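Asks: next one to model:
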Amino acid sequence: MSYALVTGASRGIGRALALLLAQRGYDLLLVARSEDQLLALVHEIGQKHQRQAHMLALDLAAAGAAETVAAWATRQTDQLAVLANNAGYGLWGRFEQLSLAEQQNMLQLNMTLPVALTHALLPALHKAPKSYILNVASTAAYQAVPSLSLYAASKAFLLSFSRGLRYELKGSTISVTCLCPGATTTSFADRAGMGAELQATANKVSMTAEAVAEAAVNGMLAGEAEIIPGLLNKVSAGLTSVVPKKIVEKIAAGIYEKYL
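Replies: Modelled structure (predicted):
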């Protein structure tokens with residue numbers, strides 16, 4: 001059977017993607033830091049969907065992580081058909097006040113890892129009759145976001161990389177899709193260091209991880225280039241292309257900076 005590899009699979013969107021891909025008939029290769037959560041997910045996939053699932057507990061921001069994952073994945077199967085580059089996180093705060101080391105760690109996970117892992121696994125994906133790459137970005141990819149400056153920049157990079165690679169591979173059997181969700185009910189805000197007031201504001205418009213994953217898998221299998229789940233997110237992302245940048249940035253700053 002065909003396998004799907006999901007990074008950041010232990011929680012949030014990654015976990016929801018893994019369960020939905022199992023439901024769609026894929027066996028799973030699951031990678032994240034939390035061994036306990038991965039073990040629970042492997043058990044759940046077997047119990048609910050009767051699919052095989054293998055796990056690798058690993059800090060994906062560590063040096064050489066992409067090479068470790070690629071070597072492990074190729075040992076597990078020669079039938080890789082989906083690569084879901086989901087692992088990533090944000091840091092909330094002013095650039096000059098946040099630790100440079102922490103910000104570089106975020107960039108490593110958000111940008112370098114998916115690039116390196118995609119490069120390493122493209123030969124395996126080319127072997128499948130039909131295969132898919134799903135890169136998880138954010139609606140933050142469509143504009144600068146003060147107090148999430150590097151996070152937004154990393155997601156803009158991932159969106160641009162996805163579209164460029166998609167064009168390069170258009171004559172192949174590999175389809176590349178970029179998922180750009182808005183606020184989602186995950187641990188993102190806690191990891192980013194956002195306060196309770198900002199989280200409460202985000203929760204008013206948040207989608208569930210399951211709803212985001214369903215839009216992602218449906219769009220990916222349909223061969224879509226970009227997926228923006230939710231009408232409000234589609235409208236807000238669309239407005240960034242017609243509203244002057246300084247106004248978009250002022251609106252974003254009004255949402256995020258006032259809680260600093």
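Asks: where do the helices sit along the stretch 101-250 of the chain?
Replies: Ranges of helices in the stretch 101-250 of the chain, per DSSP state H, counting those that start in this stretch, are 113-126, 149-168, 188-192, 196-203, 209-221, 231-239, 245-256.
Asks: out of the ones you listed, nearest to residue 20?
Replies: Residue 20 lies closest to helix 209-221 among the helices of the stretch 101-250 of the chain, at 5.1 Å (CB to CB). In this view, the C-beta of every residue, glycine as well, is placed from N, C-alpha and C.
Asks: and the angle from the closest one to helix 231-239?
Replies: Computed by axes from the mean of the first three to the mean of the last three CA atoms, to 10 degrees, the angle separating helix 209-221 from helix 231-239 equals 60 degrees.
Asks: rounded mean pLDDT for helix 209-221, please.
Replies: Mean per-residue pLDDT for helix 209-221: 98.
Asks: for the helices of the stretch 101-250 of the chain, which one sits closest to residue 25?
Replies: Closest among these, using CB to CB: helix 209-221, at 11.1 Å.
Asks: name the residues that touch that closest one?
Replies: Applying CB atoms under 8 Å, 6 or more residues apart in numbering, the set of residues contacting helix 209-221 from outside is 12-13, 15-17, 19-21, 24, 82, 132, 134, 136, 175, 177, 179, 181, 184-186, 227, 229-230.
Asks: which of those residues are buried?
Replies: The neighbour-count test (16 or more other CB atoms under 10 Å) marks 12-13, 15-17, 19-21, 82, 132, 134, 136, 175, 177, 179, 181, 184-186, 227, 229-230 as buried among these.
Asks: just checking, residue 80 touches residue 26?
Replies: No: with contact defined as CB atoms under 8 Å, residue 80 does not count as touching residue 26 (10.0 Å).
Asks: okay, and the common contacts of these two?
Replies: Common neighbours of residue 80 and residue 26 (CB under 8 Å, 6+ apart) are 2, 3, 4.
Asks: gap between residue 34 and residue 169?
Replies: Remark: distance between residue 34 and residue 169 (CB to CB, to the nearest Å) = 32 Å.
Asks: I'd like the helices of the stretch 101-250 of the chain as a markdown table, with distance to residue 67 and mean neighbour count appended.
Replies: Converted to a markdown table, these look like this (distance: least, CB to CB, whole Å; neighbours: other CB atoms under 10 Å):
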| stretch | distance to residue 67 | mean neighbour count |
| --- | --- | --- |
| helix 113-126 | 7 | 19 |
| helix 149-168 | 19 | 19 |
| helix 188-192 | 25 | 18 |
| helix 196-203 | 36 | 14 |
| helix 209-221 | 25 | 20 |
| helix 231-239 | 34 | 15 |
| helix 245-256 | 36 | 14 |
